[in-house]
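Novice: Structure for this input, please:
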Amino acid sequence: MDEIDIPEAIRDTVEIPKQSRSFLSLPLIIGGILCFGVLLLLFLFFSPLKSTQNTVTKSLPQASSEKPLVESDSPNNPTPTPDNPTPIRTKSNTTEQPANAKPNTEKLLGHLPYDVAPQSDLQAITADGRLKLRSAATAKFRQMQAAAQAEGIILTPISAFRNIEDQEQLFFGIKEQRVQDAAKRAEVSAPPGYSEHHTGYAIDIGDGNAPATNVEPEFANTAAFGWLQKNALKYSFELSFPPDNEQGVSYEPWHWRFVGDRHSLETFYKVRN
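Specialist: Next up, the predicted model:
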């Protein structure tokens with residue numbers, strides 16, 4: 001048989017059988033599938049882990065280089081130290097007072113400070129209008145005076161509201177006349193600004209049937225004083241300076257004060273507490 005002449009270009013080309021090509025591509029396909037599966041598993045695993053880390057990070061308190069601001073109105077806060085640069089401070093339950101306010105516990109020669117009653121709340125307790133008390137005290141004193149008179153007792157007002165000028169004359173003027181030192185004078189008369197008479201709730205009472213005992217210790221022996229001891233509390237009047245009182249003021253059986261409403265009660269008892 002004669003040899004068939006095959007062109008050179010065709011002779012050099014080796015054709016791979018179809019069966020061989022299929023055999024070689026199978027591992028590649030399997031490998032690709034495996035790689036895709038591994039990547040998918042890694043994505044599914046790390047995605048919820050990252051989300052959890054973000055949530056935990058957000059929930060943690062953020063550090064700050066600045067010291068926290070500490071608010072306090074207590075005067076007894078601890079002093080910062082090297083070991084404790086920002087001490088814990090607590091708020092006080094006390095109310096801050098203005099810088100120029102007079103402390104309620106301040107005393108002068110045994111007497112407590114009192115504000116002067118406003119003229120708008122004062123009413124006359126005598127026919128000439130010379131003596132006045134606050135309106136609530138005036139109403140109760142008139143009732144008490146009428147009740148006493150019905151039993152033959154005459155309660156005579158001797159002194160009631162006093163302003164600062166009145167108290168200055170009473171304290172300093174008489175102090176000079178009697179040649180007394182301040183402490184001695186304070187035993188029977190309060191310094192200006194420290195008299196219960198400033199409040200409009202205090203009154204000095206005499207016995208109209210025994211005027212010689214007015215503003216004297218002997219008033220304690222009169223019928224008027226005996227009646228007041230039994231009946232004054234019915235009208236919310238009480239004795240201001242009984243024997244051996246805590247303020248150290250001399251016994252004044254003639255000096256009574258009204259404590260029949262909230263303001264009068266606070267006026268006299270808040271300063272004591």
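Novice: The residue lying closest to residue 213 once chain neighbours are set aside and residue 254, how far apart?
Specialist: Nearest in space to residue 213, with sequence neighbours left out and distances taken as Cβ to Cβ, 6 or more residues apart in numbering, is residue 219 at 4.4 Å. From N, CA and C alone the C-beta is placed, and that goes for glycine too. As for residue 219, its distance to residue 254 is 5 Å (criterion: Cβ to Cβ, to the nearest Å).
Novice: out of these two, which sits in the busier spot?
Specialist: residue 254 (26 against 23; other Cβ atoms under 10 Å).
Novice: For the stretch 51-200 of the chain, give me the ranges with low pLDDT.
Specialist: In the predicted model of the stretch 51-200 of the chain, residues 51-105 satisfy pLDDT under 70.
Novice: Buried ones in stretch 234-251, by neighbour count?
Specialist: Neighbour-count burial for stretch 234-251 flags 235, 236, 237, 239, 240, 241, 249 (criterion: 16 or more other Cβ atoms under 10 Å).
Novice: contacts for that stretch?
Specialist: Residues outside stretch 234-251 that contact it (Cβ atoms under 8 Å, 6 or more residues apart in numbering) are 107, 110-112, 140-141, 143-144, 147, 186-188, 190, 196, 202-203, 217, 220, 228, 232, 252-253, 255-261, 264.
Novice: how about 7 Å then?
Specialist: Residues outside stretch 234-251 that contact it (Cβ atoms under 7 Å, 6 or more residues apart in numbering) are 110-111, 140, 143-144, 187-188, 196, 202, 217, 232, 252, 255-260.
Novice: okay, now the residue lying closest to residue 196 once chain neighbours are set aside: neighbour count?
Specialist: In this structure, residue 196 finds its nearest non-sequential neighbour in residue 202, 3.8 Å apart by Cβ to Cβ, 6+ apart. Neighbourhood size, residue 202 [other Cβ under 10 Å]: 25.
Novice: thinking again about what came up before, name the residues contacting each of residue 219 and residue 254.
Specialist: residue 206.
Novice: one step back: ok so the residue nearest to residue 213 is a helix residue?
Specialist: Yes - under DSSP: H, G, I helix; E, B strand; the rest coil, residue 219 sits within a helix.
Novice: care to break the protein down by domain?
Specialist: In terms of domains, the chain is parsed into 15-45, 119-269 (source: automatic domain parsing).
Novice: pLDDT averaged over the shortest one - what is it?
Specialist: Here domain 15-45 scores 63 as its mean pLDDT.
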